[in-house]
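Let me see the structure of the following:
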Amino acid sequence: MSILEVVPLLPLQKTMLFRILSKPGFPLFAEQWRYKITGRLNIVLMEQAWKKTINSFEILHGSFLWKNVKEPIFIIQKEVENPCRIFSLENTPVKYKRKKASLIAWEEYQNPVDLEALPIRMAVTILSAEHYELIVTSNHILFDGWSNAIIMNQLMQNYCALQKNYKMASEKRPIYSDYIRSVYQEQNDPRHTGFWEGYLQGIRPLTAHPRRNKLGNCRAHIPVKEETVQQIQKFCQSNNCTVSVILYTVWTLLLYIEKPCKTVITGATVSGRSTLPASQLGLAGLLAKTLPLRVNFNKEQSVKNIMKDICYDLIAIEEHMHVNPIVWQKILPDIDTYFREGLTIQNYPVQRHGSQNKCDWSIEFYHSFYHSDMDFSISVKTYIAPFTLEVSYAPEQYSEASVYKRLNLFLHILNQLVHSDSCELQLHFAGWIKTHIRQHTDQYIE
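As a prediction, this is how the structure comes out:
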């Protein structure tokens, strides 16, 4: 092993590693991304492009070490061999190909990556001379969804450069260890501590119940109607807001309807990139983070004001995301309890590659798989047309019927919100709920 550098883990990585090691045999945080490729693909060139990509990002040519060390560390090697796996289904009858391709992907997922050796791998399934599937299997402890898009973009660029036999302009990649150092320096900034002390002031601890999830999570899916997606986009333009603001508004309204209270605390995932210097925007790693989002429901709040507050708070909490985790534990000792249920918005900048890179094929991202450790989570996949809701839940705590009722309530609130006009949004939130939601909730809530 030729070591380039040794760096500490990010605080979130330490937490994730502890949970992974505490549940041996569980695929905690295991992740997989699947792509469809149409056109003529040179497998040898793809293998070469994969090797160049792996060694372009420091986070991809490293490994985790936690045995016989005081603190777990990440070892960055100068270069690694990470061969691409090739599976051929060219001789398989057409009616079985997609099923067998999915079985290959599932078997890849069921075979966890080795965090101590190769925490990421890629496989290519050959369906025919012009149809392929590309499978990237990893663990979320390594990098986030935004990083996946950056990595895949580099892979496609590397392939096209090899195919057209041209030399890519040398690009200075962000140094991963510089980012790690900046995170730990940020933790010492008293501004972050002051922000969170004020933001979470007055929050009462929850009564935490022990987790009972011994079977692993189950999953359910509901597609969002195309008409609703179009209305969401129209609503964003009319109200100068993002899809994330709309979805977090819907989620917190759902939590309020289920259990009315003055304040709702939930987890909100931020990309961690808005505060990066320009020189680090191409960085791959676990930059995203889930932070406490506070929504106040009081006499003054209209639906419009709730949306505005969520918009401002999403910006503010990301600005202060690198606070020392000990600060949160002091302010809110049961903070993990608030994160047992949550909403994840997968709005990664996934691109369609091929023709714009002058290649003889195109590649389309169409599926991802992730094993969460949350008791209940709704993932909204905005890169799929139309949007798809994927819920992951602990079967010991949630019945299938209750899960679908909750998903349908989420969709009902979403539909009512994006079809509300400006006057309706100015209504006090309780009146808006009574008018648009409450009369329908019997069919959604047990």
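
care to break this structure down by domain?
Following automatic domain parsing, the chain resolves into domains at 3-176, 190-348+374-443.

Which of the ones you listed sits closest to residue 360?
Closest to residue 360 of those is domain 3-176 (C-beta to C-beta; 4.7 Å). C-betas here are computed from N, CA, C, even on glycine.

which residues in the stretch 151-300 of the chain form strands?
Assigned by DSSP state E, counting those that start in this stretch, the strands in the stretch 151-300 of the chain fall at 218-223, 263-270, 289-296.

I'd like the C-alpha coordinates of the next helix or strand after the last one written as CSV, please.
It refers to strand 289-296. Once strand 289-296 ends, the next helix or strand along the chain (criterion: DSSP states H and E) is helix 303-319. Extracted in CSV, the C-alpha atoms of helix 303-319 (Å, rounded to 0.1, in the frame of the first residue of the first chain):
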residue,chain,number,x,y,z
VAL,A,303,-49.1,29.0,5.3
LYS,A,304,-47.1,31.6,3.3
ASN,A,305,-45.2,32.6,6.4
ILE,A,306,-44.4,29.0,7.3
MET,A,307,-42.9,28.5,3.8
LYS,A,308,-40.9,31.7,4.1
ASP,A,309,-39.5,30.6,7.5
ILE,A,310,-38.5,27.2,6.2
CYS,A,311,-36.8,28.9,3.2
TYR,A,312,-34.8,31.2,5.5
ASP,A,313,-34.0,28.4,8.0
LEU,A,314,-32.7,26.0,5.4
ILE,A,315,-30.2,28.6,4.3
ALA,A,316,-29.3,29.5,7.9
ILE,A,317,-28.8,25.9,9.2
GLU,A,318,-26.6,25.1,6.3
GLU,A,319,-24.4,28.1,7.0
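
so where is the stretch 1-150 of the chain shaky, pLDDT-wise?
1 (pLDDT under 70).

how about a cut-off of 90?
1-4, 22-28, 78-83, 95, 118, 145-146, 149 (pLDDT under 90).

So, low pLDDT: which residues of the stretch 301-446 of the chain?
301, 324-340, 344-374, 378-390, 394-397, 424, 427-431, 433-446.

now the strands for it?
Using DSSP E, counting those that start in this stretch, strands in the stretch 301-446 of the chain cover 341-346, 361-370, 376-381, 388-393.

mind checking which of those is nearest residue 17?
Of all the strands of the stretch 301-446 of the chain, it is strand 361-370 that lies closest to residue 17, at 16.8 Å by C-beta to C-beta.

now the helices: where do they sit in the stretch 151-300 of the chain?
Applying DSSP state H, counting those that start in this stretch to the stretch 151-300 of the chain gives helices spanning 176-186, 190-199, 226-239, 243-258.

picking up where we left off before, would you turn the strands of the stretch 151-300 of the chain into a markdown table with mean pLDDT and distance to residue 339?
What follows is the strands of the stretch 151-300 of the chain, written out as a markdown table (pLDDT from 0 to 100; distance: least, C-beta to C-beta, whole Å):
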| stretch | mean pLDDT | distance to residue 339 |
| --- | --- | --- |
| strand 218-223 | 84 | 19 |
| strand 263-270 | 92 | 4 |
| strand 289-296 | 93 | 6 |
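
Of the ones you listed, which is nearest residue 51?
strand 289-296 (30.5 Å).

Now do that closest one against helix 190-199, angle only.
In terms of direction (axes from the mean of the first three to the mean of the last three C-alpha atoms, to 10 degrees), strand 289-296 departs from helix 190-199 by 40 degrees.

for strand 289-296, packing partners?
helix 243-258, strand 263-270, helix 303-319 (3 or more C-beta pairs under 8 Å, 6 or more residues apart in numbering; DSSP states H and E).

re earlier: out of the strands of the stretch 151-300 of the chain, flag the one nearest residue 132.
Closest among the strands of the stretch 151-300 of the chain, using C-beta to C-beta: strand 218-223, at 24.6 Å.

quick check: angle from that closest one to strand 388-393?
Compare the direction of strand 218-223 with that of strand 388-393 by the same axes, to 10 degrees and you get 160 degrees.

Give me the sheet partners of strand 218-223 and which way each runs.
strand 388-393 (antiparallel) (DSSP bridges).

Using CSV, write down the CA coordinates of the partner strand.
C-alpha atoms of strand 388-393 as CSV (Å, rounded to 0.1, in the frame of the first residue of the first chain):
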residue,chain,number,x,y,z
THR,A,388,-41.4,9.1,-7.0
LEU,A,389,-42.0,8.7,-3.3
GLU,A,390,-40.0,5.9,-1.7
VAL,A,391,-40.7,5.1,1.9
SER,A,392,-38.5,3.0,4.1
TYR,A,393,-40.0,1.8,7.4
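
Give me the distance between that strand and the centre of its chain.
Distance of strand 388-393 from the chain centroid (C-alpha atoms, centre = their mean, to the nearest Å) equals 12 Å.

Residue 359 is nearest to which of the domains of the chain?
Among these, if distance is taken as C-beta to C-beta, the winner is domain 3-176, at 4.8 Å.

Next, the distance between the ends of that closest one.
14 Å (C-alpha to C-alpha, to the nearest Å).

chain center to that domain: distance?
16 Å.

sorry, back to before: ok, which of the domains of the chain comes nearest residue 183?
Of these, the one closest to residue 183 (C-beta to C-beta) turns out to be domain 190-348+374-443, at 5.3 Å.

returning to that earlier point: mind putting the strands of the stretch 151-300 of the chain in a markdown table, mean neighbour count and distance to residue 316 included?
Formatted as a markdown table, these follow (neighbours: other C-beta atoms under 10 Å; distance: least, C-beta to C-beta, whole Å):
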| stretch | mean neighbour count | distance to residue 316 |
| --- | --- | --- |
| strand 218-223 | 14 | 32 |
| strand 263-270 | 20 | 10 |
| strand 289-296 | 20 | 10 |
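
if we can go back for a sec, now for the domains of the chain, which one comes closest to residue 368?
domain 3-176 (5.2 Å).

Can I get the strands of the stretch 151-300 of the chain in CSV including distance to residue 126?
Shown next, in CSV, are those (distance: least, C-beta to C-beta, whole Å):
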stretch, distance to residue 126
strand 218-223, 28
strand 263-270, 36
strand 289-296, 38
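
What count of nearby residues applies to the nearest residue to residue 129 once chain neighbours are set aside?
Using C-beta to C-beta, 6 or more residues apart in numbering and skipping the chain neighbours, the partner closest in space to residue 129 is residue 40 (7.0 Å). Using other C-beta atoms under 10 Å, residue 40 is surrounded by 12 other residues.

again, but for residue 77
Using other C-beta under 10 Å: residue 77 sits among 15 other residues.

pretty sure residue 284 is touching residue 147, no?
Yes. If you go by C-beta atoms under 8 Å, residue 284 and residue 147 touch, sitting 3.9 Å apart.
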